[in-house]
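Chemist: Sequence first, then the predicted structure, then my questions.
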Amino acid sequence: MPRAKTPEERQEIRELICQVGERLFVERGVNGVSMRDLTAELGLSAMAPYRYFKDKAEILAAVRTAAFSRFSDAIEAAFASGKTPAARARAIGTAYLGFALAEPNAYRLIFDLTQPDEDQYPELALQSARAKEILSRQSKDLIAAGLAPDDVEEVTHSLWSAAHGVCVLYMAGKFSSADSARDAYRHTMRWLFMGLHAAAQEAPRSTSKPVKETQ
């Protein structure tokens, strides 16, 4: 009779399944990967993955949860490292791009794939919300310092969109090197922050409404 695996051994196999799943999901798309593909890559029996995950959707959720967690750890540590709002923003930007360059598969799984039943996986939903909260915290920090207009959602989406755009262009081979992507990222963010600062300075004037004359 085979020896029962220890909790550590079970966790090691779960992580191995997730590592292979991360690569296959990115290479083939979710619909292009089957449990049979995973077992073939891992050299496991056909039923082995079901001892650790209910189905392919649960594996995808676990893979995305782990990726979100690593991403959030990186940008959270970056935010904590800065002494001023501007320094914190620069640190988050460096960490954001650095994660995308170092872990392109994980980055794609975070932002290119969605799961309609994401709420069925509480840990995935938690890590997804955590990433957005950290980026929103950056926006609030900039707004409080007068470096961005007073609209947390719009500032967050603007910064996120710009960062994501550079990362996707790099992954699509539109930059000659990682250094070129870093240069483009730096220029994009500098110009965006200049625009946000200008908008913050204009906001009091642009939001004031003329007083209507009374008859």
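Modeler: Structure received.
Chemist: so where's the protein uncertain?
Modeler: Low-confidence segments of the chain, defined by pLDDT under 70: 1-4, 115-116, 203-215.
Chemist: Output the contacting helices and strands for the helix ranked longest in the chain.
Modeler: In the chain, assigned by DSSP state H, the helix with the most residues is helix 178-207. In terms of contacts (3 or more C-beta pairs under 8 Å, 6 or more residues apart in numbering; DSSP states H and E), helix 178-207 is packed against helix 85-102, helix 152-171. From N, CA and C alone the C-beta is placed, and that goes for glycine too.
Chemist: Quick check: Arg70 vs Ser176, distance?
Modeler: 27 Å (C-beta to C-beta, to the nearest Å).
Chemist: between these two, which one's more packed in?
Modeler: Counted by other C-beta atoms under 10 Å, Arg70 and Ser176 do not tie: Arg70 has more neighbours, with 15 against 8.
Chemist: Not counting its neighbours along the chain, what's nearest Pro149?
Modeler: Ala199 (4.4 Å; C-beta to C-beta, 6 or more residues apart in numbering).
Chemist: What about that neighbour, how many residues nearby?
Modeler: Residue neighbour count, defined by other C-beta under 10 Å, stands at 17 for Ala199.
Chemist: do Tyr107 as well
Modeler: When neighbours are counted by other C-beta under 10 Å, Tyr107 comes out with 23.
Chemist: same thing with Glu133?
Modeler: Glu133: 13 neighbours (other C-beta under 10 Å).
Chemist: tell me which element it is part of?
Modeler: Take DSSP states H and E as the rule and Glu133 turns out to sit in helix 122-144.
Chemist: Flag every buried residue along that helix.
Modeler: Within helix 122-144, the residues that count as buried by 16 or more other C-beta atoms under 10 Å are 124-125, 127-128, 130-131, 134-139, 141-143.
Chemist: Out of the helices and strands packed on helix 178-207, which one sits most buried?
Modeler: Highest mean neighbour count of those: helix 85-102, a mean of 20 (counted as mean count of other C-beta atoms under 10 Å).
Chemist: okay, that one in PDB with CA atoms only?
Modeler: In PDB, the C-alpha atoms belonging to helix 85-102 read as follows (Å, rounded to 0.1, in the frame of the first residue of the first chain):
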ATOM      1  CA  PRO A  85       4.200  60.500  -2.300                       C
ATOM      2  CA  ALA A  86       6.400  61.000  -5.400                       C
ATOM      3  CA  ALA A  87       8.900  58.500  -4.200                       C
ATOM      4  CA  ARG A  88       6.200  56.000  -3.400                       C
ATOM      5  CA  ALA A  89       4.700  56.400  -6.800                       C
ATOM      6  CA  ARG A  90       8.100  55.900  -8.500                       C
ATOM      7  CA  ALA A  91       8.700  52.800  -6.400                       C
ATOM      8  CA  ILE A  92       5.400  51.300  -7.300                       C
ATOM      9  CA  GLY A  93       6.000  52.000 -11.000                       C
ATOM     10  CA  THR A  94       9.400  50.300 -10.800                       C
ATOM     11  CA  ALA A  95       7.900  47.300  -9.000                       C
ATOM     12  CA  TYR A  96       4.900  47.100 -11.400                       C
ATOM     13  CA  LEU A  97       7.100  47.000 -14.500                       C
ATOM     14  CA  GLY A  98       9.600  44.800 -12.800                       C
ATOM     15  CA  PHE A  99       7.000  42.200 -12.100                       C
ATOM     16  CA  ALA A 100       5.700  42.200 -15.600                       C
ATOM     17  CA  LEU A 101       9.300  41.800 -17.100                       C
ATOM     18  CA  ALA A 102      10.300  39.100 -14.600                       C
END
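Chemist: Cheers, nothing more for now.
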